[in-house]
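[1] task: produce atomic coordinates for the following.
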Amino acid sequence: MLRAFGRPTKAPASYFIAGGAGEDPFIVLPLRPDEMVRELRGTLKTLSAHVEQVTREKQGRNLPLRHFRGEVMKRSYFFWAATIIGGALGLLMFLSPATAAQGFGVVADPIEQSLFRVLGATLIGIAILNFMVRDHPASPTLNAILWGNAAIHLIGSAADIWSVLIGTLTWANIAPGLVIHLVIFVWALWLLLRPSAA
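    A predicted model of the protein is given here:
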């Protein structure tokens, strides 16, 4: 706050003017420490309120800022899990397709190993995408990525079950992957359909 005695002054707001009418030149002195502390506290309080209001507006809800921090954390856990699981499996398929095939009880020929590498590269790309958005706030784009994750694991579950039904694989072969598919699918769906968590 600027306190001036006498004629108007253009001194910075962190200064006050000592002097009176007819006195020239005016003496410009800094604010006293207690006044500066009060001003800084008021400024920080106003800035904090403004940041919280802008965050609420962007999120589209009139909820406390700490609420959004918590919801971002919930999504962050999901994207970290999807990144680690998808990235690890993708790397295994890409670098050692024969080993990945053995996990399904399959002995892969060179052509099948090439297909495993392509699938592994795809999983690595999706894992990178999940990692990049792990801390993003809620948005239509983030929801689209969640829907994509849900679709991948739902369709993957259907493909595994189909392979069992036609006799290509056994339930024992697909059990670990099926559990992972279902967990990621249900988790993504929960984040999407619960308004407090999306």
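
[2] okay, and residue 77 sits in which element?
    Secondary structure assignment for residue 77, by DSSP states H and E: helix 65-95.

[3] which elements pack onto that helix?
    helix 33-59, helix 97-102, helix 110-132, helix 140-165, helix 171-193 (3 or more C-beta pairs under 8 Å, 6 or more residues apart in numbering; DSSP states H and E). Using the backbone N, CA and C atoms, a C-beta is placed for each residue, glycine as well.

[4] please redo it, this time with the cut-off set to 6 Å
    In this structure, helix 65-95 packs against helix 33-59, helix 110-132, with contacts taken as 3 or more C-beta pairs under 6 Å, 6 or more residues apart in numbering; DSSP states H and E.

[5] weakest of the ones you listed by average pLDDT?
    Mean pLDDT per stretch puts helix 33-59 lowest among those, at a mean of 64.

[6] thinking again about what came up before, list the buried ones in the helix holding residue 77?
    68, 71, 75, 78-79, 81-83, 85-87, 89-94 (16 or more other C-beta atoms under 10 Å).

[7] what's the average pLDDT for that helix?
    Here the average pLDDT along helix 65-95 is 80.

[8] ditto for stretch 157-175
    92.

[9] for it, which positions count as buried?
    157, 160, 163-164, 169, 173-174.

[10] so which pair among the residues you listed is furthest apart in space?
    157 and 173 (13.7 Å; C-beta to C-beta).

[11] rewinding a little: a markdown table for the buried residues of stretch 157-175, including distance to residue 127?
    Listed next are the buried residues of stretch 157-175 as a markdown table, based on distance: C-beta to C-beta, whole Å:
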| residue | distance to residue 127 |
| --- | --- |
| 157 | 19 |
| 160 | 19 |
| 163 | 23 |
| 164 | 26 |
| 169 | 24 |
| 173 | 23 |
| 174 | 21 |
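
[12] nearest to residue 180 among those residues?
    residue 157 (9.4 Å).

[13] quick check: residue 134 touching residue 78?
    No. With contact defined as C-beta atoms under 6 Å, residue 134 does not reach residue 78; the gap is 8.5 Å.
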